[in-house]
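Visitor: Any chance you could fold what I've pasted below:
(chains A, B, C and D)
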Protein chains: 2
Amino acid sequence: MAYESALRCLADPTRRRVFERLREGPRAVGELAAGLPVSRPAVSQHLKALKDAGLVLDRAEGARRVYFIDPEGLGELRRWLDWFWDQALDAFKHEAETQPPRRRPARGTPSSERKKP
Amino acid sequence: MAYESALRCLADPTRRRVFERLREGPRAVGELAAGLPVSRPAVSQHLKALKDAGLVLDRAEGARRVYFIDPEGLGELRRWLDWFWDQALDAFKHEAETQPPRRRPARGTPSSERKKP
DNA sequence: CACTTTCGTAAGCCATGACTTACGGTAAGC
DNA sequence: GCTTACCGTAAGTCATGGCTTACGAAAGTG
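Guide: Okay, the predicted model is just below:
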């Protein structure tokens, strides 16, 4: 139920940049905003979204507020992706076995183009 | 460079439902739309987005058009997530070691190992 | 105390995108 | 031939959300 919010969070480019900078280690809001082309309140809002999604944790450090990645959020997303991956791969292999017996299904199998009028 | 579009695609709930139904196997557009609360053109647009992101492939089957999951797109997203996970976990552990014991009770830090395809 | 720094929130603006209906084009059936 | 089924695209509507500026709270400094 939480991998959905994680996906939503990581879909936004700016929010992903914030999250990727936290990969280097704990950072305060101002530090994060200094390296981004958006204002500090924007970063604050992104951090709130990341926190609600369980992707980051925060810690008060005087007047500053330090954020850092919570591995639990990423872990849940990773587990969902693995679970999905397994089933998708099985379906794909089963499809490759049963469907195209004629020609070799290797390179340019699926027809993506249509005729032009 | 493609994991970003994959994240964007999977962020939308309806598009994710389309993708999750394809996990069961190849489906035509009409079949997918029949089980969803949106119109068929909407599903068609979602499938185009999924295809542009490298998450699905399609095949002409008479007048119908059958879509199915392309494991390559998911694989790239999975590789990015793994790479991110490793660095984030290192940073988190390093943080837990150097910072004073202001940590939460740690309800099971996720295991670091995993299978490799 | 006054003043600064750091940050979160509120209010508003505005572009993005998800959805609809309408239409054209291709394949199969009669 | 005509008709039906299936699908992609165009055009337009409308809500979502990312961004800004403005303001207030909390902690540190002199």
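Visitor: And the lowest-mean-pLDDT helix or strand in chain A, what's buried?
Guide: Ranking every helix and strand in chain A by mean pLDDT, DSSP states H and E puts helix A:71-98 at the bottom, with a mean of 85. Residues of helix A:71-98 classed as buried by neighbour count (16 or more other Cβ atoms under 10 Å in any protein chain shown): A:71-78, A:80-81, A:84-85, A:88-89, A:91-92, A:95. Just so you know, the C-beta spots here come from the backbone N, C-alpha and C atoms, and that holds for glycine as well.
Visitor: Write out the residues of chain A neighbouring DNA strand C.
Guide: Counting by Cβ under 7 Å from any atom of the strand, chain A comes close to DNA strand C at A:28-31, A:40-41, A:44-45, A:47-48, A:58, A:63-66, A:114-115, A:117.
Visitor: In PyMOL, how would I select just the buried ones from the residues you listed?
Guide: Per 16+ other Cβ under 10 Å, the buried members of these correspond to this PyMOL selection:
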select buried, chain A and resi 28+29+47+58+66
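Visitor: Return the subset of the residues of chain A next to DNA strand C lying in strands.
Guide: The members of the residues of chain A next to DNA strand C that map onto strands under DSSP state E are A:A28, A:D58, A:R64, A:R65, A:V66.
Visitor: Contacts only, for the last one.
Guide: If I follow you right, that is A:V66. The contact partners of A:V66, by Cβ atoms under 8 Å, 6 or more residues apart in numbering or on different chains, come to A:P26, A:R27, A:A28, A:D58, A:R59, A:A60.
Visitor: what's the spacing between it and DNA strand D?
Guide: A:V66 is 13 Å from DNA strand D, where distance means Cβ to the nearest atom of the strand, to the nearest Å.
Visitor: Check the spacing between A:G62 and A:R40 real quick.
Guide: Per Cβ to Cβ, to the nearest Å, A:G62 is found 17 Å from A:R40.
Visitor: And the contacts of stretch A:72-87?
Guide: The contact list for stretch A:72-87 (Cβ under 8 Å, 6+ apart) reads A:2-3, A:6-7, A:10, A:53-56, B:20, B:23, B:71, B:74-75, B:77-78, B:81-82, B:84-85, B:88, B:110, B:114.
Visitor: can we see that at 6 Å?
Guide: Outside stretch A:72-87, the residues that touch it by Cβ atoms under 6 Å, 6 or more residues apart in numbering or on different chains are A:A2, A:Y3, A:A6, A:G54, A:L55, B:R23, B:L74, B:R78, B:L81, B:W85, B:P110.
Visitor: and which of those is nearest to A:G35?
Guide: A:L55 (18.7 Å; Cβ to Cβ).
Visitor: what's the closest non-adjacent residue to that closest one?
Guide: A:G73 (3.9 Å; Cβ to Cβ, 6 or more residues apart in numbering or on different chains).
Visitor: Near chain B, which residues of chain A? Just list them.
Guide: Chain A has residues A:7-8, A:10-11, A:23, A:25-26, A:68-69, A:71, A:74-75, A:78, A:81, A:85, A:87-89, A:91-92, A:95, A:110-111 near chain B, with proximity defined as Cβ under 6 Å from any Cβ of the partner chain.
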